[in-house]
Each structure stands twice: as C-alpha cells, then as structure tokens.
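K.L.:
one predicted model, sequence on top.
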Amino acid sequence: MTEQTRPEKLLTVGEVAKVLQMAEGSIYRWISEGKLRHVKLGHRAVRVRAADLEEFIEARLKGGQSDDRPADFS
C-alpha cells in the first residue's frame, strides 16, 4: 500500500479523550456543537480523524479557547 492509498487514522471518542485528558462527555459535546469534526460510521459509531484532532489542538494553541469559559488546568 502506498502512502496515498493508506487509510486515515481514525480515533474513538475514548482515544481522543485520553489524548486531551478530558472526559468523553466533553468530546461528545464538542462534536455536537460542531467544534470538533468527526466521521459517523453507521448508526452509532463516531470517529475523529487524527488530522482533525491535530487541527483542533493547533487552533486552540494559536487562538486560545473557542469557548467563552476559561481553560481548566486543574
């Protein structure tokens, strides 16, 4: 398989939560609010492309929080 035909890495909500050290509920909320792009596989399965997660993180590092709430680093 060449690099161009290799499937993209898809992460579960649990994997995204672990990477961000956040609760899964927060990830689902960001998905439902349109803040984190996702792929829906079938009726219930939700995945996040690794590239979309990286873009999400970079956007927050460059532009701060998109929420009106302050960051919680506790």
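P.N.:
Received the coordinates, thanks.

K.L.:
what count of nearby residues applies to Glu54?
P.N.:
The tally of other residues near Glu54 (other CB atoms under 10 Å) stands at 11. Just so you know, the C-beta spots here come from the backbone N, C-alpha and C atoms, and that holds for glycine as well.

K.L.:
for Glu24, same thing?
P.N.:
Residues lying near Glu24 (other CB under 10 Å) number 14.

K.L.:
excluding chain neighbours, give the residue nearest to it in space.
P.N.:
The shortest distance from Glu24 to any non-neighbouring residue, by CB to CB, 6 or more residues apart in numbering, is to Ala17 (4.6 Å).

K.L.:
so where does the most centrally placed residue in the chain fall, helix or strand?
P.N.:
Centroid-nearest residue in the chain, with CA atoms, centre = their mean: Leu53, separated by 4.2 Å. Using DSSP states H and E, Leu53 maps to helix 50-63.

K.L.:
quick one: buried residues of that helix?
P.N.:
For helix 50-63, the neighbour count (16 or more other CB atoms under 10 Å) marks Asp52, Leu53, Phe56 as buried.

K.L.:
doesn't the residue nearest to Glu24 belong to a helix?
P.N.:
Yes. Assessed by DSSP: H, G, I helix; E, B strand; the rest coil, Ala17 belongs to a helix.

K.L.:
in this protein, which spans are helices?
P.N.:
13-20, 24-32, 50-63 (DSSP state H).

K.L.:
so can I have TSV of these showing mean pLDDT and distance to Arg6?
P.N.:
Output for these, formatted as TSV (pLDDT from 0 to 100; distance: least, CB to CB, whole Å):
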stretch	mean pLDDT	distance to Arg6
helix 13-20	97	19
helix 24-32	96	25
helix 50-63	92	12
